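Participant: When you get a sec, could you give me coordinates for this:
(one chain, ligands or ions: 1)
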Amino acid sequence: MKSYRKELWFEVPNRRGLINITPQVDKCLRESGIKEGLVLVNAMHITASVFINDDESGLHHDYDIWLEKLAPHEPVSQYRHNVGEDNADAHMKRQIMGREVVVAITDGRLDFGTWEQIFYGEFDGRRRKRVLVKIIGE
Ligand code: ZN
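Facilitator: Residues are numbered from 1 along each chain as shown. Okay, the predicted model is just below:
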């Protein structure tokens with residue numbers, strides 16, 4: 001069995017943002033040389049997510065509105081976590097959107113369903129943060 005590990009770094013200039021990281025994960029897969037197996041992609045921070053959905057800007061706007069309704073950033077004082085911090089909402093948004101995804105690898109390619117793409121979801125940006133890509137297989 002082969003094994004491959006890589007960290008991808010992102011710095012979102014705003015507090016929140018979504019990045020389609022499918023091309024970077026695809027590049028990792030090609031570097032790994034693995035043709036059959038699994039790829040795990042996970043955020044290495046507790047205020048960011050990795051998830052799979054559609055690369056459609058209207059949907060991304062809707063996610064932002066929906067997450068702000070569920071866990072509004074302001075007022076910061078509404079959260080007990082925010083003693084010396086202001087990112088309690090980001091922890092909650094990450095919990096909803098998830099930590100990681102696993103994608104099957106078949107014939108050397110990411111075996112997606114229709115329209116599926118991998119996203120990095122940032123909820124407390126303006127600093128460098130990591131995503132882990134781990135690939136196992138043959
Ligand atoms: Zn925090």
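
Participant: Just the element for the residue sitting nearest the centre point of the chain, please.
Facilitator: Central residue of the chain (Cα atoms, centre = their mean): V50, 2.0 Å from the mean position. Following DSSP states H and E, one finds V50 within strand 48-53.

Participant: and the angle from the longest helix seen in the chain to strand 48-53?
Facilitator: The longest helix of the chain (DSSP state H) is helix 57-70. Going by axes from the mean of the first three to the mean of the last three Cα atoms, to 10 degrees, helix 57-70 is angled at 130 degrees with respect to strand 48-53.

Participant: For this structure, which segments count as strands?
Facilitator: Counting by DSSP state E, the chain has strands at residues 2-11, 17-20, 37-43, 48-53, 100-106, 109-110, 117-122, 128-137.

Participant: and the ion, which of those is closest to it?
Facilitator: strand 48-53 (11.7 Å; Cβ to the ion). No exception for glycine: its C-beta is placed from N, CA and C like everyone else's.

Participant: Just confirm yes or no for that closest one near the ion.
Facilitator: No: counting by Cβ under 5 Å from the ion, the ion is not contacted by strand 48-53; separation bottoms out at 11.7 Å.

Participant: could you dump that strand to PDB, C-alpha only?
Facilitator: Backbone C-alpha positions of strand 48-53 (Å, rounded to 0.1, in the frame of the first residue of the first chain) are rendered in PDB as follows:
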ATOM      1  CA  ALA A  48     -12.500  26.200   9.300                       C
ATOM      2  CA  SER A  49     -14.200  23.400   7.400                       C
ATOM      3  CA  VAL A  50     -13.700  21.100   4.400                       C
ATOM      4  CA  PHE A  51     -16.800  20.100   2.700                       C
ATOM      5  CA  ILE A  52     -18.200  18.900  -0.700                       C
ATOM      6  CA  ASN A  53     -20.900  20.700  -2.600                       C
END
